[in-house]
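[1] Quick one, structure for this:
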Amino acid sequence: MLLARPASKYRPVPPIRLDGRQWPDRAITQAPIWMSTDLRDGNQALFEPMDVERKMRLFRVLCDIGFKEIEVGFPAASQTEFDFVRTLIEEERIPRDVTIEVLTQAREDIIERTMAALNGAHSAIVHVYNATSPMFREVVFGMKPDEIIRLATSAVSQIRQRAKEMPGTRITLEYSPETFSATELPFARAVCDAVTQTWEARPDDKVIINLPATVEMATPNHYADQIEWMHRHLARRDSIVLSLHPHNDRGTGVAAAELGMMAGAERIEGCLFGNGERTGNADLVTLALNLYAQGVSPNLDFSDISGVARAFEQCTGLSVHPRHPYAGDLVFTAFSGSHQDAIKKGFAAQRPDAPWDMPYLTIDPADIGRTYDSVIRVNSQSGKGGIAWLLQTRYGIALPRRLLVEFSREVQKAAESGGEISAETLWQLFSQTYLAPCSPIRYVEHHLHEEDGGQGITLVVEINGKRQVLAGRGNGPVDAATHALRGAGFDVRVRSFEEQSVSASRQGADACACAFIELVGVNQDGAPDGGELYGIGMAESILTASIRALLSGVNRLCRAGA
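    Okay, the predicted model is just below:
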């Protein structure tokens, strides 16, 4: 058993001594500089990396969303990667307000190949990295701390010299102390300070210092402490853009990014839906829409989130989980009866000019291109609220409370045997239950006329297939029709009657009115015979709808044995 194994096998990460930490009292008030690494970190994590065509399509999607910095590849890694960067530049595929970024290791030959790939670009970020943590220094590379620093500064010097030889291209340096999350903070600072000194960073020529949680080592607050420590202690802070690249090994990449921004970071690297090595990178869709949900403009356009998700899936071969925050197909869907009831009431109370305040819906689905059609769906876990919502929003019918209770029993039986019930299936069940019953009585026509002190009706029906003309008199059309049916042996009492208009566009030109009649059968002694049942009628006129509702209720009582 896992729990029987010694916990001492794994050592907890010690806390950071940070007196007067400030990030817990801060709020995020503006969007960071976003950098998408979908085409590099995301691509290298795919079972089948993207070809040039798919990378080009995803690059266009990222530009359309509004990313101004996009890491397009690792040009020295393969000819495909190199060719993609050259295609972007030579075919002028890069918008003037977009800066591409490329990754390189701190090796002379790889840097040379990387810089060659950028020839002719109007601007580019060269992202160089080397690992700095004790494990990598001592075990992987067998290098001393001063050798690690010389490795970084030597690479930066080479990039700086090559940049001077490319006067038509503005080169920005980005440096990452890889494995920063496992590096002693004083040493991480020493490496970064040496880098900015070598580059001669200035406020008008800033260096991007990117502090990656290459592997998530501890809780998000620990990462925030690391970022705030570096934010406080780095030299030339006014000449640095402090950047984050959180991975998601502990499942807290988004939280780490948010707390890191509160701790002083100005830039975030990640992938659209959290793709990347191992458990992935920080999820930029979730981060951006988290800001949006707090009233902060993310400066990224996710108004067609489904289109972005489908393009991502087609380019990468990965699937966006149906419960993925904001983008999943089911995240705005409520099956639970109590949730559905709360959402239905929330929509009824929400004013168009008021701030969004809705049960269970953190943002308005319409803001990211989702319709309200899928907000509430019905299955065996659903209640009356979900049924009412679908019938009202899709078909324009608001059921009376007792009718809703009655119909929900029919829906529950159907859901228990067949899983989810779509709006179309729900309408079919509604029609079969209330609108279709025409046995033993089928409506043909009626004629209404005034009589002294009331109204008379001539009701033409078929009873068990035989046409009959019934006559009745009452204080209104429904009362008169009830008396007419009594003469044919169908004795009922009306418990309640409601009517409403229905948009013609919902149900066709002939369905503009809907009537609901609650009936109870009466036996030969004049006493109620069985429970109440509803009948529903729809027609162009409310009068015809009322007669149809009466006959619907009578037929349902007959079928129930009343």
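
[2] Once you drop chain neighbours, what's closest to the residue positioned nearest the centre of the chain?
    With distances taken as C-alpha atoms, centre = their mean, residue 326 lies nearest the centre of the chain, 1.8 Å away. Once flanking residues are discounted, residue 326 sits nearest to residue 289: 4.6 Å by C-beta to C-beta, 6 or more residues apart in numbering. (Glycine included, C-beta is placed from N, CA and C.)

[3] What helix or strand is that neighbour located in?
    helix 284-293 (DSSP states H and E).

[4] Which elements pack onto that helix?
    In this structure, helix 284-293 packs against strand 33-36, helix 253-262, strand 267-270, with contacts taken as 3 or more C-beta pairs under 8 Å, 6 or more residues apart in numbering; DSSP states H and E.

[5] Show me which parts of that helix are buried, residue by residue.
    Across helix 284-293, burial judged by 16 or more other C-beta atoms under 10 Å covers 284-293.

[6] helices or strands next to the helix or strand just after that helix in the packing?
    Reading on from helix 284-293 to the C-terminus, the next helix or strand found by DSSP H and E is helix 305-316. Applying 3+ C-beta pairs under 8 Å, 6+ apart, one finds that helix 305-316 makes contact with helix 52-65.

[7] who does the helix or strand that comes right after the helix it packs on pair up with?
    Downstream of helix 52-65, the next assigned helix or strand under DSSP H and E is strand 69-73. The pairing partners recorded for strand 69-73 under DSSP bridges are strand 33-36 (parallel), strand 99-105 (parallel).

[8] residue ranges with poor pLDDT in the stretch 151-300 of the chain?
    Along the stretch 151-300 of the chain, no part satisfies pLDDT under 70.

[9] What ranges does it have for its helices?
    185-199, 220-233, 253-262, 284-293 (DSSP state H, counting those that start in this stretch).

[10] just the stretch 351-500 of the chain next, same as before
    Going by DSSP H, counting those that start in this stretch, the stretch 351-500 of the chain shows helices at 384-395, 401-418, 423-430, 477-486.

[11] any idea of the mean pLDDT for the last one?
    Mean pLDDT, computed over helix 477-486, is 92.

[12] contact partners of stretch 55-62?
    36, 38-39, 43, 50, 70, 72-73, 84, 87-88, 93, 272, 308, 311-312, 314-316 (C-beta atoms under 8 Å, 6 or more residues apart in numbering).

[13] Please pick out the residue of this protein most distant from its centre.
    residue 452 (64.0 Å).

[14] Please report how far that residue lies from residue 470.
    Distance of residue 452 to residue 470, computed by C-beta to C-beta, to the nearest Å: 20 Å.

[15] before we move on, what about residue 441?
    Following C-beta to C-beta, the distance that separates residue 441 from residue 470 is 10 Å.

[16] of the two, who's got more company?
    The residue with more neighbours, out of residue 441 and residue 470, is residue 441; 23 against 20, by other C-beta atoms under 10 Å.

[17] Just grab the bridge partners of the more buried one for me.
    Going by DSSP bridges, residue 441 forms beta bridges with residue 463.

[18] Settle this for me: it is touching residue 554, isn't it.
    Yes - contact status for residue 441 versus residue 554: in contact at 6.0 Å, counting by C-beta atoms under 8 Å.

[19] Off-centre distance for the helix holding residue 289?
    Distance, stretch centre to chain centre, for helix 284-293: 10 Å (C-alpha atoms, centre = their mean, to the nearest Å).

[20] Extract the C-alpha trace of it and format it as PDB.
    The C-alpha trace of helix 284-293 is given here as PDB (Å, rounded to 0.1, in the frame of the first residue of the first chain):
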ATOM      1  CA  LEU A 284      -3.000  31.000 -20.800                       C
ATOM      2  CA  VAL A 285      -6.800  30.600 -21.600                       C
ATOM      3  CA  THR A 286      -7.600  30.000 -17.900                       C
ATOM      4  CA  LEU A 287      -5.200  32.800 -16.700                       C
ATOM      5  CA  ALA A 288      -6.600  35.400 -19.200                       C
ATOM      6  CA  LEU A 289     -10.200  34.600 -18.500                       C
ATOM      7  CA  ASN A 290      -9.600  34.500 -14.700                       C
ATOM      8  CA  LEU A 291      -8.500  38.200 -15.100                       C
ATOM      9  CA  TYR A 292     -11.600  38.900 -17.200                       C
ATOM     10  CA  ALA A 293     -13.900  37.400 -14.600                       C
END
